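> Okay, structure incoming, though there's no sequence with it:
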């Protein structure tokens with residue numbers, strides 16, 4: 001079977017250095033499974049991981065904001081594998097809007113059922129003091145994308161949410177989740193893709209009751 005060019009779209013995760021909790025503890029195998037023999041000075045371990053569900057490149061599911069929404073285990077994996085379109089919004093600054101007119105300029109590219117990635121190149125700010133800098137998508141632009149039939153949305157920034165306080169917090173997330181659309185934050189390497197379209201595999205941990213999951217995203221270009 002012929003496989004095309006493979007591009008990693010997830011950040012490598014570094015225990016103790018993430019913006020959310022990620023700890024890895026190494027335990028000698030016999031401490032957990034005494035029936036297994038470990039020879040003296042042999043390296044034979046099991047790892048114990050403690051982490052936040054939003055650490056690193058991660059995908060958020062409706063359960064994040066909807067109590068009876070689909071969680072990481074329930075969401076159909078077939079909706080996370082398919083053709084992805086990258087739209088280039090490099091140059092957008094923190095708190096600058098992505099407008100309906102700007103999205104409509106790409107209208108002919110967007111297909112029903114697309115996985116849509118918003119490229120900002122702000123992944124370069126990951127793990128820095130400015131890691132939360134990002135533009136935002138206007139609600140009318142978001143509604144238009146939903147009407148176009150996208151099935152998943154992601155970005156290489158920490159998000160595309162306008163900062164709102166009070167009862168309307170995270171309206172972009174809520175509108176996506178209400179329509180059954182998961183959202184990916186903190187991707188990377190979108191600029192390494194040679195084409196606007198590629199086949200992508202988005203593979204979260206299928207853990208019941210998980211609102212979000214660190215995710216490995218692989219793009220394959222023909």
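Good, I have the coordinates. Bear in mind the structure is a predicted one, so any value in this text is a computation, not a measurement. Numbering: from 1, shown residues only.

> Now the residue nearest the centre of the chain: which helix or strand?
For the chain, residue 184 is the residue whose C-alpha lies nearest the centre (CA atoms, centre = their mean; 2.6 Å). Assessed by DSSP states H and E, residue 184 sits inside strand 183-185.

> Read off the pLDDT value for the closest residue to residue 81 other than its chain neighbours.
Counting by CB to CB, 6 or more residues apart in numbering, residue 81 lies nearest to residue 201, which is 5.3 Å off, once chain neighbours are set aside. In short, each C-beta sits where N, CA and C put it, glycine included. The score at residue 201 is 98. That number is its pLDDT.

> Please confirm that residue 201 is located within a strand.
Yes: using DSSP: H, G, I helix; E, B strand; the rest coil, the assignment for residue 201 is a strand.

> Can you report how many residues neighbour it?
17 (other CB atoms under 10 Å).

> try the one 3 residues further on
When counting by other CB under 10 Å, one arrives at 25 neighbours for residue 204.

> ok, it touching residue 60?
No: with contacts counted by CB atoms under 8 Å, residue 204 stays clear of residue 60, the gap being 9.8 Å.

> For residue 185, give me its contacts.
Applying CB atoms under 8 Å, 6 or more residues apart in numbering to residue 185 gives the contacts 54, 57, 58, 60, 154, 155, 157, 158, 159.

> again with residue 199
4, 81, 82, 83, 84, 219, 220, 221.

> Residue 85 too?
Taking CB under 8 Å, 6+ apart, one finds 109, 110, 111, 114, 115, 116, 117, 196, 197 in contact with residue 85.

> helices or strands up against the helix or strand of the chain with the lowest mean pLDDT?
Every helix and strand in the chain was compared by mean pLDDT, DSSP states H and E; the lowest is helix 29-32, with a mean of 93. Helices and strands touching helix 29-32, by 3 or more CB pairs under 8 Å, 6 or more residues apart in numbering; DSSP states H and E, are strand 45-51.
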